[in-house]
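J.: Provided below are the primary sequence and the corresponding predicted coordinates.
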Amino acid sequence: MGKNVYISGGSGFLGRQIAHFVSKKNNIFCPRSTECNLFEFESIKKYFRDKKMAGTPIDVIINSAAYYGGLNITMAEPATIFSKNVSMINNLFTAAAESEIKKIIVIGSACAYPENIKGQMSEKDFWSGPLHESVEGYGFTKKVQWIAQKAYNKQYGIEGNHLILTNLYGMHDVFHEYRGHAISVLIKRYVDASLEKRDEVVNWGDGSAIREFLFVEDAAKIISKFIDLPHSLEPVNIGTGIGTSIKTLTKLIAKYANYTGNVKWDITKPSGVKQKVLDTSILKSLMPDFTSTTLETGLRKTIDWYTVNKLEADKRL
């Protein structure tokens, strides 16, 4: 049945969705850290060796594991974010090389793009300038990952693809204020305000920043298709190519969270890069028939899921 696919971070927000779609045509392996600890090289090496001895050698790695978050954590823990992510990348690639695994698909991020790009972010702009200070600790680890792909391809013949994801949202995300993505944090903020009947919600910045958002199920579907696509280390943007202002986004979230109070914008807080929207021309040429979930549909699904699963979701930090 298909290939033997190891998914790092397979129980996480994105990883669990990747596992769902990959498992339809392949054998999947999504071990917990107690079985395969990405911060310990020998643990990964032993896991790959055990799979080979069991007659299920890993054919493809999808690296979706990352220590990440929104502006709060990227500004507060840049060194921790850099150290943890680079450690995982180095351990995983080295273990893969020693285990003779032939393909690694890596999950990159739009945070790795320079801050000075005008208009949509095209793959050709990947190295055209410095990163925005607010995300450079995380964003640069994604550049390191691309360098790792090139280096291990040259020396060990490991093939792969480099997928640059836009901002994701959806079920099973981290909704905590400190570590959550923009949409998940806003959903929690507005749902809480609605349930507690607050008179006011305070958001960061002025709401003018433009962002692109991709429903996590759509991202996972796209990623799963690259298992059977040819080797190419040229980055591919994964997104919708549609920009939405944070102010517009908050109005939609307020609508579906049934919040009717006032909204205040705290302009003493950072807004991040003014615009971050991906050029998805290459993706469309590879998958011309793919249709992404509309933002309104995705928001409704996510807010409905969060409302029903709020107690458990709020425990995930």
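T.: Noted; the coordinates are in hand. Just so we're clear, the structure is a prediction, and the values are computed from it rather than from any experiment. Numbering: from 1, shown residues only.
J.: who does the helix or strand of the chain with the lowest mean pLDDT touch, helix- and strand-wise?
T.: Counting by mean pLDDT, DSSP states H and E, the chain has its least confident helix or strand at helix 71-76, which shows a mean of 79. Using 3 or more Cβ pairs under 8 Å, 6 or more residues apart in numbering; DSSP states H and E as the contact test, no helix or strand touches helix 71-76. (Glycine included, C-beta is placed from N, CA and C.)
J.: so which bits of it are buried?
T.: Residues of helix 71-76 classed as buried: 71-74 (neighbour count, 16 or more other Cβ atoms under 10 Å).
J.: return the member of those residues nearest to Ser23.
T.: Checking the buried residues of helix 71-76 against Ser23 with Cβ to Cβ, the nearest one is Ile73 at 30.5 Å.
J.: my guess is that closest one meets Lys84, correct?
T.: No - using Cβ atoms under 8 Å, Ile73 is not in contact with Lys84; the gap is 11.5 Å.
J.: pLDDT of stretch 98-105, averaged?
T.: Average pLDDT, stretch 98-105: 97.
J.: same check, this time on stretch 29-46
T.: 97.
J.: again, but for stretch 256-271
T.: For stretch 256-271, the mean confidence score works out to 92.
J.: please apply the same query to stretch 309-317.
T.: Rounded mean pLDDT across stretch 309-317 is 89.
J.: pull out the buried residues from it.
T.: Ala313.
J.: for it, list the C-alpha coordinates in CSV.
T.: Written as CSV, here are the backbone C-alpha positions of stretch 309-317 (Å, rounded to 0.1, in the frame of the first residue of the first chain):
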residue,chain,number,x,y,z
ASN,A,309,-14.4,21.9,22.2
LYS,A,310,-13.5,25.0,24.2
LEU,A,311,-12.6,23.4,27.5
GLU,A,312,-10.1,21.0,26.0
ALA,A,313,-8.8,23.4,23.3
ASP,A,314,-8.0,26.0,26.0
LYS,A,315,-5.8,23.5,27.8
ARG,A,316,-3.4,23.2,24.8
LEU,A,317,-0.5,25.6,25.3
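J.: residues in contact with the residue located most distally from the centre of the chain?
T.: For the chain, the largest distance from the centre (Cα atoms, centre = their mean) belongs to Asp199, which lies 33.3 Å off. By Cβ atoms under 8 Å, 6 or more residues apart in numbering, the residues touching Asp199 are 261-262.
J.: what of Gly272?
T.: Counted by Cβ under 8 Å, 6+ apart, Gly272 has contacts 71, 132, 134-135, 205, 209.
J.: repeat that for 10 Å
T.: 70-71, 74-75, 111, 115, 132-135, 182, 204-205, 209, 211, 246 (Cβ atoms under 10 Å, 6 or more residues apart in numbering).
J.: Gln17 now?
T.: Here Gln17 is in contact with 10, 64, 168, 170-172, 215-221, 223-224 (Cβ under 10 Å, 6+ apart).
J.: name the helix or strand for the nearest residue to Glu40 once chain neighbours are set aside, please.
T.: In this structure, Glu40 finds its nearest non-sequential neighbour in Asn91, 7.1 Å apart by Cβ to Cβ, 6 or more residues apart in numbering. Counting by DSSP states H and E, the secondary-structure element that holds Asn91 is helix 78-98.
J.: CA atoms of that helix as PDB?
T.: Output in PDB follows, covering the C-alpha atoms of helix 78-98 (Å, rounded to 0.1, in the frame of the first residue of the first chain):
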ATOM      1  CA  PRO A  78      13.600  34.300  19.400                       C
ATOM      2  CA  ALA A  79      16.600  32.400  20.700                       C
ATOM      3  CA  THR A  80      14.500  29.500  22.000                       C
ATOM      4  CA  ILE A  81      12.600  29.300  18.700                       C
ATOM      5  CA  PHE A  82      15.800  29.400  16.700                       C
ATOM      6  CA  SER A  83      17.600  26.800  18.800                       C
ATOM      7  CA  LYS A  84      14.800  24.300  19.000                       C
ATOM      8  CA  ASN A  85      14.000  24.400  15.400                       C
ATOM      9  CA  VAL A  86      17.500  24.200  14.100                       C
ATOM     10  CA  SER A  87      18.200  21.300  16.500                       C
ATOM     11  CA  MET A  88      15.300  19.400  15.100                       C
ATOM     12  CA  ILE A  89      16.300  20.100  11.500                       C
ATOM     13  CA  ASN A  90      19.900  19.000  12.000                       C
ATOM     14  CA  ASN A  91      19.000  15.800  13.900                       C
ATOM     15  CA  LEU A  92      16.300  14.800  11.400                       C
ATOM     16  CA  PHE A  93      18.400  15.300   8.300                       C
ATOM     17  CA  THR A  94      21.400  13.600   9.700                       C
ATOM     18  CA  ALA A  95      19.400  10.600  10.800                       C
ATOM     19  CA  ALA A  96      17.700  10.400   7.400                       C
ATOM     20  CA  ALA A  97      21.100  10.400   5.700                       C
ATOM     21  CA  GLU A  98      22.500   7.600   7.900                       C
END
